[in-house]
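> Structure, please.
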Amino acid sequence: CYDNKIFDFPLPFICTHLPLESPVFIDFKKYERYNLSYHIERAITMNSISILVIDDEPAVRKTIKAVLISEHMNATCAKDSRTALELLEQELYDLILLDIMMPGQDGFAFLKELRSRQCYIPVILLSGRDESTSQVKGLSIGADDYITKPFNKTVLISRIQAIIRRNKQYAQTSPEALYT
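Numbering: from 1, shown residues only. Model (predicted):
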(Lines give C-alpha, C1' and ligand atoms only; values in the text may rest on other atoms or scores of the structure.)
Protein backbone atom coordinates (compact mmCIF):
# COMPACT_ATOMS: atom_id res chain seq x y z
CA CYS A 1 0.00 0.00 0.00
CA TYR A 2 1.33 3.44 -0.87
CA ASP A 3 -0.16 6.66 0.49
CA ASN A 4 -2.81 4.52 2.26
CA LYS A 5 -4.22 3.24 -1.05
CA ILE A 6 -4.47 -0.39 -2.02
CA PHE A 7 -2.80 -1.52 -5.23
CA ASP A 8 -2.51 -4.86 -6.98
CA PHE A 9 1.04 -5.39 -8.21
CA PRO A 10 2.07 -7.73 -11.03
CA LEU A 11 4.60 -10.41 -10.19
CA PRO A 12 7.46 -9.63 -9.85
CA PHE A 13 7.24 -5.97 -8.90
CA ILE A 14 9.27 -3.13 -7.46
CA CYS A 15 8.51 -2.40 -3.80
CA THR A 16 8.71 1.35 -3.47
CA HIS A 17 6.61 1.40 -0.33
CA LEU A 18 9.30 -0.07 1.91
CA PRO A 19 11.29 2.28 4.15
CA LEU A 20 14.52 1.92 2.18
CA GLU A 21 16.70 4.37 0.27
CA SER A 22 16.12 2.56 -3.02
CA PRO A 23 13.44 0.16 -4.26
CA VAL A 24 13.88 -3.54 -3.60
CA PHE A 25 13.14 -6.08 -6.33
CA ILE A 26 11.14 -9.02 -5.00
CA ASP A 27 10.73 -11.98 -7.33
CA PHE A 28 7.74 -13.84 -5.89
CA LYS A 29 8.02 -16.60 -8.49
CA LYS A 30 11.02 -18.05 -6.68
CA TYR A 31 8.81 -18.90 -3.72
CA GLU A 32 6.58 -21.96 -3.60
CA ARG A 33 2.93 -20.96 -3.92
CA TYR A 34 1.72 -22.74 -0.78
CA ASN A 35 4.84 -22.45 1.33
CA LEU A 36 3.89 -20.96 4.72
CA SER A 37 7.31 -19.40 5.21
CA TYR A 38 6.74 -17.34 2.05
CA HIS A 39 3.49 -15.97 3.43
CA ILE A 40 5.13 -15.14 6.73
CA GLU A 41 8.07 -13.49 4.98
CA ARG A 42 5.64 -11.43 2.93
CA ALA A 43 3.78 -10.29 6.05
CA ILE A 44 7.11 -9.35 7.64
CA THR A 45 8.42 -7.32 4.71
CA MET A 46 5.27 -5.75 3.33
CA ASN A 47 3.01 -3.15 4.86
CA SER A 48 -0.13 -4.79 3.51
CA ILE A 49 -1.67 -8.14 4.27
CA SER A 50 -3.46 -9.96 1.46
CA ILE A 51 -6.61 -11.85 2.47
CA LEU A 52 -8.90 -14.18 0.54
CA VAL A 53 -12.52 -13.98 1.72
CA ILE A 54 -14.62 -17.03 0.80
CA ASP A 55 -18.35 -16.65 1.51
CA ASP A 56 -21.45 -17.37 -0.54
CA GLU A 57 -23.35 -14.31 0.75
CA PRO A 58 -22.59 -11.18 -1.33
CA ALA A 59 -23.46 -8.79 1.53
CA VAL A 60 -21.03 -10.56 3.88
CA ARG A 61 -18.24 -10.51 1.28
CA LYS A 62 -18.82 -6.81 0.60
CA THR A 63 -18.86 -5.91 4.31
CA ILE A 64 -15.74 -7.90 5.17
CA LYS A 65 -13.88 -6.50 2.16
CA ALA A 66 -14.76 -2.93 3.20
CA VAL A 67 -13.54 -3.59 6.76
CA LEU A 68 -10.26 -5.09 5.54
CA ILE A 69 -9.59 -2.27 3.09
CA SER A 70 -10.32 0.31 5.80
CA GLU A 71 -7.50 -1.35 7.76
CA HIS A 72 -5.13 -1.13 4.76
CA MET A 73 -5.34 -4.83 3.94
CA ASN A 74 -5.81 -6.21 0.44
CA ALA A 75 -8.98 -8.26 0.10
CA THR A 76 -10.08 -10.58 -2.69
CA CYS A 77 -13.46 -12.31 -2.55
CA ALA A 78 -14.70 -15.68 -3.77
CA LYS A 79 -18.30 -16.86 -3.72
CA ASP A 80 -17.48 -20.59 -3.55
CA SER A 81 -14.67 -23.09 -3.16
CA ARG A 82 -14.16 -23.55 -6.91
CA THR A 83 -13.58 -19.82 -7.41
CA ALA A 84 -11.32 -19.77 -4.36
CA LEU A 85 -9.13 -22.57 -5.75
CA GLU A 86 -8.77 -20.68 -9.02
CA LEU A 87 -7.73 -17.54 -7.14
CA LEU A 88 -5.25 -19.51 -5.03
CA GLU A 89 -3.64 -20.79 -8.23
CA GLN A 90 -3.23 -17.23 -9.53
CA GLU A 91 -2.45 -15.20 -6.43
CA LEU A 92 -0.67 -15.47 -3.09
CA TYR A 93 -2.52 -14.76 0.15
CA ASP A 94 -1.42 -14.25 3.73
CA LEU A 95 -4.68 -15.46 5.30
CA ILE A 96 -8.03 -16.95 4.32
CA LEU A 97 -11.39 -16.06 5.87
CA LEU A 98 -13.59 -19.08 5.12
CA ASP A 99 -17.34 -19.47 5.60
CA ILE A 100 -18.42 -22.95 6.68
CA MET A 101 -21.95 -23.08 5.26
CA MET A 102 -21.64 -22.78 1.47
CA PRO A 103 -23.46 -24.56 -1.35
CA GLY A 104 -21.50 -27.32 -3.03
CA GLN A 105 -18.29 -27.91 -1.12
CA ASP A 106 -18.65 -26.57 2.42
CA GLY A 107 -15.89 -24.82 4.36
CA PHE A 108 -14.83 -27.95 6.24
CA ALA A 109 -14.31 -29.94 3.02
CA PHE A 110 -12.49 -27.00 1.42
CA LEU A 111 -10.18 -26.68 4.42
CA LYS A 112 -9.42 -30.42 4.32
CA GLU A 113 -8.59 -30.11 0.62
CA LEU A 114 -6.26 -27.15 1.26
CA ARG A 115 -4.39 -29.01 3.99
CA SER A 116 -4.19 -32.19 1.89
CA ARG A 117 -2.48 -30.06 -0.79
CA GLN A 118 -0.04 -28.94 1.93
CA CYS A 119 -1.37 -25.39 1.72
CA TYR A 120 -0.56 -23.89 5.10
CA ILE A 121 -2.00 -20.42 4.63
CA PRO A 122 -3.63 -19.49 7.96
CA VAL A 123 -7.42 -19.93 7.91
CA ILE A 124 -10.06 -18.30 10.09
CA LEU A 125 -13.43 -20.03 9.83
CA LEU A 126 -16.57 -17.87 9.79
CA SER A 127 -19.88 -19.38 10.76
CA GLY A 128 -23.38 -18.61 11.94
CA ARG A 129 -23.09 -21.77 14.05
CA ASP A 130 -22.16 -21.20 17.66
CA GLU A 131 -21.91 -24.93 18.37
CA SER A 132 -18.80 -26.17 20.13
CA THR A 133 -18.78 -29.28 17.91
CA SER A 134 -18.38 -27.14 14.77
CA GLN A 135 -15.62 -25.13 16.40
CA VAL A 136 -13.75 -28.24 17.54
CA LYS A 137 -14.16 -29.88 14.12
CA GLY A 138 -12.85 -26.81 12.30
CA LEU A 139 -9.86 -26.40 14.56
CA SER A 140 -9.05 -30.11 14.46
CA ILE A 141 -8.90 -30.19 10.64
CA GLY A 142 -6.51 -27.26 10.46
CA ALA A 143 -8.25 -23.94 11.04
CA ASP A 144 -6.28 -21.35 12.99
CA ASP A 145 -9.32 -19.64 14.50
CA TYR A 146 -13.12 -19.68 14.44
CA ILE A 147 -15.35 -16.60 14.52
CA THR A 148 -19.12 -16.74 14.93
CA LYS A 149 -21.29 -14.44 12.81
CA PRO A 150 -22.30 -11.76 13.41
CA PHE A 151 -18.95 -10.50 14.67
CA ASN A 152 -17.44 -7.22 15.73
CA LYS A 153 -15.11 -5.76 13.09
CA THR A 154 -12.53 -4.88 15.76
CA VAL A 155 -12.48 -8.50 16.90
CA LEU A 156 -12.04 -9.72 13.31
CA ILE A 157 -9.12 -7.36 12.64
CA SER A 158 -7.51 -8.20 16.00
CA ARG A 159 -7.67 -11.91 15.30
CA ILE A 160 -6.22 -11.48 11.81
CA GLN A 161 -3.37 -9.38 13.20
CA ALA A 162 -2.76 -11.87 16.01
CA ILE A 163 -2.46 -14.81 13.61
CA ILE A 164 -0.12 -12.91 11.28
CA ARG A 165 1.95 -11.71 14.26
CA ARG A 166 2.12 -15.21 15.78
CA ASN A 167 3.20 -16.75 12.47
CA LYS A 168 5.82 -14.03 12.01
CA GLN A 169 7.22 -14.63 15.51
CA TYR A 170 7.14 -18.39 15.02
CA ALA A 171 9.00 -18.16 11.73
CA GLN A 172 11.64 -15.86 13.19
CA THR A 173 12.33 -18.14 16.15
CA SER A 174 12.06 -21.52 14.44
CA PRO A 175 11.72 -21.47 10.64
CA GLU A 176 12.58 -25.16 10.32
CA ALA A 177 9.63 -26.06 12.58
CA LEU A 178 7.23 -24.92 9.85
CA TYR A 179 7.90 -28.14 7.96
CA THR A 180 7.59 -30.70 10.76
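
> Can you list the helices and strands that the longest helix along the chain packs against?
When the chain is parsed with DSSP state H, its longest helix is helix 153-173. Applying 3 or more CB pairs under 8 Å, 6 or more residues apart in numbering; DSSP states H and E, we find helix 153-173 packed against helix 36-45, helix 58-70, strand 95-99, strand 123-127, strand 145-148. C-betas here are computed from N, CA, C, even on glycine.

> quick one: buried residues of the helix or strand that the second one is followed by?
Later in the chain than helix 58-70, the nearest helix or strand by DSSP states H and E is strand 74-78. Of the residues in strand 74-78, 74-78 count as buried by neighbour count, 16 or more other CB atoms under 10 Å.

> go on, stretch 71-91?
So stretch 71-91, judged by 16+ other CB under 10 Å, has buried residues 71, 73-81, 84-85, 87-88.

> what's the first-to-last distance across it?
With CA to CA, to the nearest Å applied, stretch 71-91 spans 20 Å between its terminal residues.

> Could you do stretch 63-81 as well?
19 Å.

> any weak-confidence spans in this protein?
Judged by pLDDT under 70, the chain has its weakly predicted residues at 1-47, 171, 174-180.

> at 50 what do you get?
The chain contains residues with pLDDT under 50 at 1-32, 45-46, 179-180.

> my guess is S81 contacts I54, does it?
Yes. Taking CB atoms under 8 Å as the definition, S81 is a contact partner of I54 at 6.9 Å.

> so P122 sits right up against R159, yeah?
No. Using CB under 8 Å as the test, P122 is too far from R159 to be in contact (10.2 Å).

> P122 and I49, how far apart?
For P122, the distance to I49 equals 10 Å [CB to CB, to the nearest Å].

> what residues are shared contacts of the two?
94-95, 164 (CB atoms under 8 Å, 6 or more residues apart in numbering).

> among these, who's most crowded?
Neighbour count (other CB atoms under 10 Å) singles out L95 as the most crowded of those, with 26 neighbours.

> How about the contacts made by that residue?
49-52, 121-124, 160, 163-164.

> any idea which of those is the one closest to D144?
P122 (4.5 Å; CB to CB).

> Ramachandran angles for that closest one?
phi -60, psi 140 (degrees, to the nearest 10).
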